[in-house]
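here's a sequence, model it:
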Amino acid sequence: AGVGYVGLTCAMLGAKSVLLTDQQPLLPILRINTHNNADYAAGTTVAEFDWGSASQRIKISKEPFDLIVASDVIYEEQNIGPFVRALEVLCRAAEESEGGVSDLRVLMAMKDRGHSIEVREMFFEELAEKRFRSTEIKPSVNGENSQLDFCWKLCKLVEVSLYSISKSTVSFTDL
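Coordinates of the predicted model:
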């Protein structure tokens with residue numbers, strides 16, 4: 001979550017429940033920002049979540065997730081494996097929970113950095129190997145979704161790409 005900007009924005013836009021996560025050193029700033037925006041961010045909580053710690057992955061929330069929002073998490077090769085494994089565990093936990101979600105979605109923003117194009121390609125290859133589908137979000141052709149188009153234009157202005165990621169339920173060998 002970094003400073004919590006994306007998650008707090010989701011809360012301000014009406015998300016009923018938002019869980020901001022990061023590693024231990026960043027939790028104080030998350031808590032301060034959540035406190036300072038309490039009037040706008042009802043239902044927002046903060047928890048530690050280290051992708052490399054399997055025991056934490058299931059304990060961060062008692063409720064199933066229906067959407068994971070990730071912002072600028074893949075910029076170094078060392079982040080790819082732990083992040084993809086965390087997504088696998090979170091998808092499995094969402095499916096297995098009471099009232100589980102079988103189509104958990106991930107909305108991911110990635111900063112366009114010239115030096116990280118290879119890292120980005122490695123990330124999407126790893127996702128495909130683990131049976132995730134990923135699609136870059138582009139503006140609508142006929143302008144039906146003006147809010148999404150505005151978001152897309154803003155992202156392009158700051159050199160960020162948006163992706164929709166979901167766990168594939170059918171493998172190529174099943175076809």
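
just the strands in the chain please.
For the chain, the strands defined by DSSP state E cover 18-22, 44-48, 67-71, 105-111, 132-136, 160-167.

who's in contact with the residue lying closest to residue 70 once chain neighbours are set aside?
Spatial nearest neighbour of residue 70, chain neighbours left out: residue 108 (4.5 Å); criterion: Cβ to Cβ, 6 or more residues apart in numbering. Yep, even glycine has a C-beta here, placed from its N, CA and C like the rest. Residues in contact with residue 108 (Cβ atoms under 8 Å, 6 or more residues apart in numbering) are 69, 70, 71, 73, 162, 163, 164, 165.

report the two of those separated the most.
For these, the maximum inter-member distance is 15.3 Å, found between 73 and 164 (Cβ to Cβ).

who's more crowded, these two?
Neighbour comparison, residue 73 and residue 164: the larger count goes to residue 73, with 19 against 13 (by other Cβ atoms under 10 Å).

distance-wise, check the residue nearest to that one when sequence neighbours are not counted relative to residue 75.
Using Cβ to Cβ, 6+ apart and skipping the chain neighbours, the partner closest in space to residue 73 is residue 83 (5.8 Å). Residue 83 sits 11 Å away from residue 75, going by Cβ to Cβ, to the nearest Å.

okay, the two: which has more neighbours?
residue 83 (19 against 15).

surely residue 65 touches residue 90?
Yes: applying Cβ atoms under 8 Å as the test, residue 65 and residue 90 come out as touching, 6.4 Å apart.

between these two, what contacts are shared?
Jointly contacting residue 65 and residue 90 under the rule Cβ under 8 Å, 6+ apart are residue 104.

quick check: longest helix of the protein.
helix 80-96 (DSSP state H).

which strands and helices sit next to it?
helix 54-59, strand 67-71, helix 117-129, strand 160-167 (3 or more Cβ pairs under 8 Å, 6 or more residues apart in numbering; DSSP states H and E).

any buried residues in the third one, and which?
Within helix 117-129, the residues that count as buried by 16 or more other Cβ atoms under 10 Å are 119, 120, 123, 124, 126, 127.

the first one - nearest residue in space that isn't next to it in sequence?
In space, not counting the residues next to it along the chain, residue 119 is nearest to residue 77; the distance is 5.3 Å by Cβ to Cβ, 6+ apart.

mind showing which ranges of this structure have poor pLDDT?
1, 53-64, 97-102, 113-115, 139-159, 168-175 (pLDDT under 70).

what's the residue nearest to residue 107 when sequence neighbours are not counted in contact with, if anything?
Nearest residue to residue 107, sequence neighbours excluded (Cβ to Cβ, 6+ apart): residue 69, at 5.0 Å. Applying Cβ under 8 Å, 6+ apart to residue 69 gives the contacts 6, 7, 10, 106, 107, 108.

which residues touch the fifth one?
Contact criterion Cβ under 8 Å, 6+ apart gives 67, 68, 69, 70, 162, 163, 164, 165 as the residues in contact with residue 107.
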